[in-house]
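Engineer: Sequence first, predicted coordinates after that:
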Amino acid sequence: MATPTMDRVEEGSAASTHLLTVTFRIRRFNPEVSDEAWWQDFQLEIDPKERVLDGLHKIKWDVDGTLTFRRSCAHGVCGSDAMRINGKNRLACKTLIKDIVSLDKSGNVSKPITIEAIKGMTVLKDLVVDMDPFFQAYRDVMPFLVAKGNEPTRERYQSAEDRARFDDTTKCILCAACTSSCPVFWNDGQYFGPAAIVNAHRFIFDSRDDAGEQRLEILNDRDGVWRCRTTFNCTDACPRGIEVTKAIQEVKRALITRRF
Ligand code: SF4
Ligand code: FES
């Protein structure tokens, strides 16, 4: 397929900015056009301080409006633009061109940046995957506070120490970078996956919650935590720096000891 060229240069700062000529090699898929996916190259002039998401926007807005991807906040908060960039799961809005581009000795770009949909999920179009099974697993672990007994007349107190037990897992933005980097999930999409376990952890270890046992039983399933093979792919992939594997291990330990 021909390589479209993006030759529009932003006005203003462009004159003083060193732009790089970068090839975005994107895995395309459109079931209305073909049953087969294909790679397509787009060449663009881009400031290395810009993000992969900026490059995708330039392509979509100025070169090929059919390019399809999800994004919303553009600031690493909503979790909607996880994709495989140069073979690694990342958020496009948090990935700077300068951090992933390969340069030769003359300072020219020597390799394309490859961009694909995250693995292990059905691709609907281009970089958009079907997230329904992912969110079903999330819903299955009851990701909400369950407090029994009488309504308190004041807020539910929690010590700083108790709050710290699940602080890490509160940071999840449900981007699916962890789950879609997990080899167990690639082989068997029935596995709950790291993200669902992280979100179960967030409530199991919350001292105000009363449904820890119930969540543990849900994860004691053949598709639950015991499927984890501790490969650490999930921890490496998490853009929020959550210690995903550690959280999974803590849930396993809670299942054995029934202490949480
Ligand atoms: S644990 Fe990290 S990688 Fe997994 S869904 Fe949450 S934020 Fe994304
Ligand atoms: S667009 Fe929201 S996290 Fe990237």
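Structural biologist: Perfect, I can see it now. Computed from a predicted structure; not experimentally measured. Residues are numbered from 1 along each chain as shown. Ligands and ions are numbered 1, 2, ... in the order given.

Engineer: what about the residue of the chain most remote from its centre, distance to Leu145?
Structural biologist: The C-alpha centroid of the chain is most remote from Thr153, which lies 39.3 Å away (Cα atoms, centre = their mean). Computed as Cβ to Cβ, to the nearest Å, the Thr153 to Leu145 distance reads 18 Å. Quick note: C-beta positions are derived from backbone N, CA and C, even for glycine.

Engineer: can you map out the helices along the protein?
Structural biologist: Listed in chain order, the helices of the chain (DSSP state H) span 52-58, 97-100, 132-140, 160-164, 183-187, 194-204, 212-219, 233-237, 244-257.

Engineer: so how far is the second one from its chain's centroid?
Structural biologist: Here the centre of helix 97-100 is set off from its chain's centre by 18 Å, with Cα atoms, centre = their mean, to the nearest Å.

Engineer: Who are the packing partners of it?
Structural biologist: If you count contacts as 3 or more Cβ pairs under 8 Å, 6 or more residues apart in numbering; DSSP states H and E, helix 97-100 packs onto helix 52-58.

Engineer: Mind listing what's buried along the helix it packs on?
Structural biologist: Residues of helix 52-58 classed as buried: Val52, Leu53, Asp54, Gly55, Leu56, His57, Lys58 (neighbour count, 16 or more other Cβ atoms under 10 Å).

Engineer: What is that helix packed up against?
Structural biologist: strand 20-28, strand 38-46, helix 97-100, strand 113-116.

Engineer: Contacts for the third one, please.
Structural biologist: Read that as helix 97-100. By Cβ atoms under 8 Å, 6 or more residues apart in numbering, the surrounding residues in contact with helix 97-100 are 20, 22, 46-52, 55, 85-86, 113.

Engineer: same thing but 10 Å
Structural biologist: 20, 22, 24, 46-52, 54-55, 85-86, 88, 90, 109, 111, 113-114 (Cβ atoms under 10 Å, 6 or more residues apart in numbering).

Engineer: list the contacts for Arg90?
Structural biologist: Going by Cβ under 10 Å, 6+ apart, Arg90 touches 52, 81-84, 99-100, 115, 118, 175, 177, 237, 239.

Engineer: And for Thr245?
Structural biologist: Neighbour list for Thr245: Cys178, Pro194, Ile197, Cys228, Thr230, Thr231, Phe232, Asn233, Cys234, Thr235, Asp236, Cys238 [criterion: Cβ under 10 Å, 6+ apart].
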